[in-house]
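Colleague: mind folding the following:
(one chain, ligands or ions: 2)
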Amino acid sequence: MKVLVIGGGGREHALCWKLKRSDSVREVVCAPGNPGIAADARCVPVGAEDIEGLMALASDEKPDLVVVGPEAPLVAGLGNRLREAGFAVFGPDKAAANLEGSKSFSKRLMYEAGVPTARFEVHVDVDEAIETIRSWGAPIVIKASGLAAGKGVIVAQTEKEAIDAVRDMLAGNAFGEAGSQVVIEEFLRGEEASCLFIVSGDTILPLASSQDHKALLDGDLGPNTGGMGAYSPAPCVTEAIADAVLKTIARPTVAALKKRGAEFIGTLYAGVMLTDEGPKALEFNVRFGDPECQPLMSRLQSDLGEVLLAAAEKRLDGVKLAWKAGAALCVVVASDGYPGSFEKGQTIGGLDAVEAAGTTVFHAGTAEKDGAIVNAGGRVLGVTAVAESVGAAQQTVYRALNELDWPGGFYRRDIGYRAIAREES
Ligand SMILES: Nc1ncnc2c1ncn2[C@@H]1O[C@H](COP(=O)(O)OP(=O)(O)O)[C@@H](O)[C@H]1O
Ligand SMILES: [Mg+2]
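Modeller: Numbers count the residues shown, from 1 in each chain. Ligands and ions are numbered 1, 2, ... in the order given. Predicted coordinates:
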């Protein structure tokens, strides 16, 4: 079959890489893709948020399957448009994508469905929000309800910080429309994990567990980013916990959506806090995580094209996933200065040597300039290895990264430390 992948980041590179290695797939086209993706797919310069451009591209290319990588086009209704035009689509319609597009919608749905999650209130009025903050006290969590590219959540250690955050969002317009509603949440303690599911109607197929590191600096310190590294499996997600997440979080959520007339087809990503009272849902995403997708695709043995087409065509029932034993780990190399400003256009050398040392280099924010690969975004590379354990995969990646020739690049030195401590004990 011919598959069209929408997006151009590290997640989409991992998807194209795996699709190209699927027996069922003859051709992969990616819009817009990036220079790394060009090794695995034919890239077409149509942006992932250009809905009309993508519709025209789909009607030219006539793919047998469209896989939508990022959340923004899903929340904008690309899934609906493509399905209405008769395409098989992996990615939810707008109504189901609201699970990620609106945190207030998502929390209310969880509450109705009895999904374990932090206590919450939704506010549009600054004074009422402040009243809640004063009565609950700190630590407390303030979230812009709409899409904010991972920057809309403040885990406030003091009431003042929380009050400043609601003022910024509701009165200061810090996140525009996305911050016109805020969700105030009880602070949950525990270790976080990513639990992803391939969903097609009533069928829910769990993927292997994974964990990412959102903080910029070693020791999980510093500001939050889009993700500085990830690995699979996450040893903290025992079989019993995975089962509880499926039964108490994923299933009731998909059922509650269906009750509202929104059938889910795509990846349901539950961000989960493993608390003393059991796993609680922090949020949902409606697509693969980036960078969790990179280790997950590296470990997946099944034919990805077949699995995603089965989901799109609602015949996922009975499909089983096979995984490589051991573990995979991805270290993100970012531009120095990210998540703040940085200089673009710096030449990145040594990529072949990094791969020759036993890794796959997934491209995210790269571009091509005069025949060289240069940085063009904050998160630039996802260097990924598969090995017998998280610890062994980590060693392979860091050894390979010694071959990278990019003085303006930056990466964490401790990706996977929690899993490795568990492996060692
Ligand atoms: N209720 C909560 N208690 C403690 N930490 C939280 C809570 N909600 C979110 N967080 C922290 O904030 C991060 C971002 O929140 P999340 O809801 O996943 O939003 P997004 O990924 O859209 O920015 C989480 O990964 C988690 O570390
Ligand atoms: Mg999140």
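
Colleague: for the stretch 301-425 of the chain, what spans make up the helices?
Modeller: Along the stretch 301-425 of the chain, the segments classed as helices by DSSP state H, counting those that start in this stretch run 304-312, 351-356, 390-401, 417-424.

Colleague: by contact count, what packs against the last one?
Modeller: Of the remaining helices and strands, those touching helix 417-424 by 3 or more C-beta pairs under 8 Å, 6 or more residues apart in numbering; DSSP states H and E are helix 390-401. Backbone N, C-alpha and C define where each C-beta goes, glycine included.

Colleague: which residues touch the helix or strand hosting Leu82?
Modeller: Under the assignment given by DSSP states H and E, the secondary-structure element containing Leu82 is helix 78-84. Residues from elsewhere that reach helix 78-84, judged by C-beta atoms under 8 Å, 6 or more residues apart in numbering: 6, 51, 54-55, 58, 66, 68, 89, 91-94, 97, 265-266.

Colleague: off-centre distance for it?
Modeller: Helix 78-84 sits 21 Å away from the centroid of its parent chain (C-alpha atoms, centre = their mean, to the nearest Å).

Colleague: over to stretch 165-182?
Modeller: 24 Å.

Colleague: which bits of the stretch 251-400 of the chain sit near ligand 1?
Modeller: Contact residues, the stretch 251-400 of the chain versus ligand 1 (C-beta under 6 Å from any ligand atom): 271, 282-283.

Colleague: which of these lies closest to Val245?
Modeller: Closest approach between those and Val245, by C-beta to C-beta: Gly271, at 10.7 Å.

Colleague: list the contacts of the nearest residue to the closest one once chain neighbours are set aside.
Modeller: Using C-beta to C-beta, 6 or more residues apart in numbering and skipping the chain neighbours, the partner closest in space to Gly271 is Leu282 (4.2 Å). Contacts of Leu282 were listed using C-beta under 8 Å, 6+ apart, and they are 117-118, 188, 192, 271-273.

Colleague: can you pick out the most distant pair from the residues you listed?
Modeller: Taking C-beta to C-beta as the measure, the contacts of Leu282 reach their widest spread between Thr117 and Glu192, a distance of 13.5 Å.

Colleague: so which residue of the stretch 251-400 of the chain comes closest to ligand 1?
Modeller: With distances taken as C-beta to the nearest ligand atom, the stretch 251-400 of the chain approaches ligand 1 most closely at Glu283, which sits 3.5 Å away.

Colleague: what separates that residue from Gly391, distance-wise?
Modeller: Using C-beta to C-beta, to the nearest Å, we find Glu283 at a distance of 29 Å from Gly391.

Colleague: hmm, Phe288 is touching Glu12, no?
Modeller: No: taking C-beta atoms under 8 Å as the contact criterion, Phe288 and Glu12 are not neighbours in contact, 9.1 Å apart.

Colleague: ok, the two, which is more surrounded?
Modeller: The neighbour comparison of Phe288 against Glu12 (other C-beta atoms under 10 Å) goes to Glu12, with 32 against 27.
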